[in-house]
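>>> got a predicted structure here, sequence first:
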Amino acid sequence: MHRAGLGLLSRLLSPAVTCARHWQSGKMAKSKFEYVKHFEVQDTCLPHCWVVVRVDGRNFHRFSEQHKFVKPNDARALQLMNRCAQNVMDELKDICLAYGQSDEYSFVFHKKCNWYKRRASKFMTHVVSQFASSYVFYWKEFFPDQPILCPPGFDGRVVLYPSEQNLKDYLSWRQADCHINNLYNTVFWMLVQKGGLTSQQAQEKLRGTLSADKNEILFSEFNINYNNEPLLFRKGSVIIWKKVNEVSKKVIKLPDETEEKEVEVSRLRSQTVILHCDVIGDTFWEEHPDILTDS
Ligand code: DGT
Ligand code: MG
Ligand code: MG
């Protein structure tokens, strides 16, 4: 065996040998199999970094065809994604912001968050599983006439961003991606659905075109001003926390305890709100300075 291979083998075996020795000397309190724990890798996210978990629908090209999603944008599918993301945020309160478009959603955990000792696998698996189960759970609210035909899957990844600027640039990148794809898809499907072109002809026509050219095709051939297309499609969705004053009624006993009285009590509660706004410019961050501050 290669020397490096032998070294690796002996490193892998050494915990077993150590445990066996401890067992014999009577020092081992737990089972002799305990050593296998050491095979687990440390996956702690670096401190003081923003943690982003992005989920993305698995093979949604096929899933969207099977479930007859409207092309290029299906508002029901996008709103279902938003509902799932809200559920993820309600369950995992350390998420300070989420951004979604198409079949993907990004969740930002605050840089100070110490949830599960910042283990990347915990962040990722909790977000993905909560998102996927929500997708099935809320499906019929958004597709009452279309049964879900197969269990959808989502992949997940964790990326760390060391500075606020990196994080803002990450979100800008996803929103720019949304814009580029949506403009292309809007013109492409207009050319096919209304213009009578085949997919190949539409692809040919759009090859090498710039944004201005695509806007011009939409306007001159289909009388569509791209800027009037729904913000949900053009900008994607941002979910943030907002404090709301919740008023409820409560019955209290008067001091002499002879009578009861109904009073209104109010308390501040955080709830998620969905926005369809620009996150690339500074305005969004100026209007919501608390998102990135220490919570
Ligand atoms: P993946 O992520 O590598 O497993 O593969 P896909 O097929 O999920 O590819 P991806 O994530 O790059 O692209 C998203 C697909 O989902 C794309 O084919 C279009 C589809 N999709 C997403 N949202 C909508 C929608 O609102 N309407 C329609 N018709 N399709 C959509
Ligand atoms: Mg996908
Ligand atoms: Mg995708």
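Right, received. Where do you want to start? These figures come from a predicted structure and were not determined experimentally. Ligands and ions are numbered 1, 2, ... in the order given.
>>> helix/strand/coil for whatever residue of the stretch 151-295 of the chain ends up closest to ligand 2?
Relative to ligand 2, the nearest point of the stretch 151-295 of the chain is Asp155 (7.5 Å; CB to the ion). C-betas here are computed from N, CA, C, even on glycine. Three-state call for Asp155 (DSSP: H, G, I helix; E, B strand; the rest coil): strand.
>>> residue contacts, it?
Going by CB atoms under 8 Å, 6 or more residues apart in numbering, Asp155 touches 55-56, 58, 128.
>>> can you give me the strands in this structure?
Using DSSP state E, the strands of the chain run over 50-57, 95-101, 104-109, 154-161, 237-253, 260-275.
>>> kindly report the residues of the stretch 101-250 of the chain close to ligand 2.
Asp103 (CB under 5 Å from the ion).
>>> now with 8 Å?
102-104, 155 (CB under 8 Å from the ion).
>>> burial count for Lys37?
9 (other CB atoms under 10 Å).
>>> the nearest residue to Thr186 once chain neighbours are set aside: how many residues sit nearby?
Leaving aside its sequence neighbours, Thr186 sits nearest to Pro72 (CB to CB, 6 or more residues apart in numbering; 6.0 Å). Look at Pro72: counted by other CB under 10 Å, it has 20 neighbours.
>>> Pro72 is in contact with Leu183, isn't it?
No: using CB atoms under 8 Å, Pro72 is not in contact with Leu183; the gap is 10.0 Å.
>>> now what about stretch 47-54, what contacts it?
Applying CB under 8 Å, 6+ apart, the external contacts of stretch 47-54 come out as 45, 104-113, 118, 120, 123-124, 127-128, 156-162, 164, 166-167, 170.
>>> do that again at 6 Å, thanks
With CB atoms under 6 Å, 6 or more residues apart in numbering as the test, stretch 47-54 has contacts from 45, 106-109, 111, 123-124, 127, 157-162, 167.
>>> now do the single longest helix found in the chain against strand 237-253, angle only.
Counting by DSSP state H, the longest helix found in the chain is helix 164-193. For helix 164-193 against strand 237-253, the angle by axes from the mean of the first three to the mean of the last three CA atoms, to 10 degrees is 110 degrees.
>>> mind listing what's buried in helix 164-193?
167-168, 170-171, 174-175, 178-179, 182-184, 186-192 (16 or more other CB atoms under 10 Å).
>>> over to stretch 86-100?
86-89, 92, 94-100.
>>> with only the CA atoms kept, save it in PDB.
C-alpha atoms of stretch 86-100 as PDB (Å, rounded to 0.1, in the frame of the first residue of the first chain):
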ATOM      1  CA  GLN A  86     -42.300  32.200   5.900                       C
ATOM      2  CA  ASN A  87     -42.800  28.900   7.600                       C
ATOM      3  CA  VAL A  88     -39.000  28.300   7.700                       C
ATOM      4  CA  MET A  89     -38.600  31.700   9.300                       C
ATOM      5  CA  ASP A  90     -41.400  31.200  11.800                       C
ATOM      6  CA  GLU A  91     -39.800  27.900  12.900                       C
ATOM      7  CA  LEU A  92     -36.100  29.000  12.800                       C
ATOM      8  CA  LYS A  93     -36.200  32.500  14.400                       C
ATOM      9  CA  ASP A  94     -32.500  33.200  13.900                       C
ATOM     10  CA  ILE A  95     -33.000  33.900  10.200                       C
ATOM     11  CA  CYS A  96     -33.000  37.700   9.700                       C
ATOM     12  CA  LEU A  97     -33.900  37.800   6.000                       C
ATOM     13  CA  ALA A  98     -34.800  35.600   3.100                       C
ATOM     14  CA  TYR A  99     -34.700  36.100  -0.600                       C
ATOM     15  CA  GLY A 100     -36.400  34.000  -3.200                       C
END
